[in-house]
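> For reference, the sequence and a predicted model appear below.
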Amino acid sequence: MVKTKEQEVEEVLEKIRPALSLDMGDIRLVKVEDSTVYLELLGACSTCPVPDITMKDVIIVAIKNFLPWVKQVQIGQHKFEITV
């Protein structure tokens, strides 16, 4: 069975969620448009004083490693370009 891009992103998010839940946070897939993934931080992650560290060191790295078709990730108001 061929997976949709949304299913692929959800699989990666499932790998990330345990780390976020340690700090009472979570992440939600908002949508996928072409090669851009839109995400929303939830729970404690939504008010984290250092969200850039979480986004760059955890979320962006995981997406880059598992989903080579993703070129951009937008998490809330933050936009990240994924480069090789």
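Good, I have the coordinates. Numbers count the residues shown, from 1 in each chain.

> For residue 73, the count of nearby residues, please.
Neighbour count of residue 73, defined by other C-beta atoms under 10 Å: 22. C-betas here are computed from N, CA, C, even on glycine.

> by contact count, what packs against the helix or strand hosting it?
Per DSSP states H and E, residue 73 falls inside strand 72-75. Applying 3 or more C-beta pairs under 8 Å, 6 or more residues apart in numbering; DSSP states H and E, we find strand 72-75 packed against strand 36-43, strand 78-81.

> Look up which helix or strand residue 31 falls in, please.
Here residue 31 is assigned to strand 25-33, by DSSP H and E.

> Give me the sheet partners of that strand and which way each runs.
strand 36-43 (antiparallel) (DSSP bridges).

> Convert the strand it pairs with to PDB, retaining C-alpha atoms only.
What follows is strand 36-43, C-alpha atoms only, in PDB (Å, rounded to 0.1, in the frame of the first residue of the first chain):
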ATOM      1  CA  THR A  36       6.000  21.900   2.900                       C
ATOM      2  CA  VAL A  37       4.800  20.400   6.200                       C
ATOM      3  CA  TYR A  38       2.800  22.600   8.600                       C
ATOM      4  CA  LEU A  39       2.900  21.700  12.200                       C
ATOM      5  CA  GLU A  40       1.600  23.000  15.500                       C
ATOM      6  CA  LEU A  41       3.300  22.700  18.900                       C
ATOM      7  CA  LEU A  42       0.800  21.700  21.700                       C
ATOM      8  CA  GLY A  43       0.800  21.600  25.500                       C
END
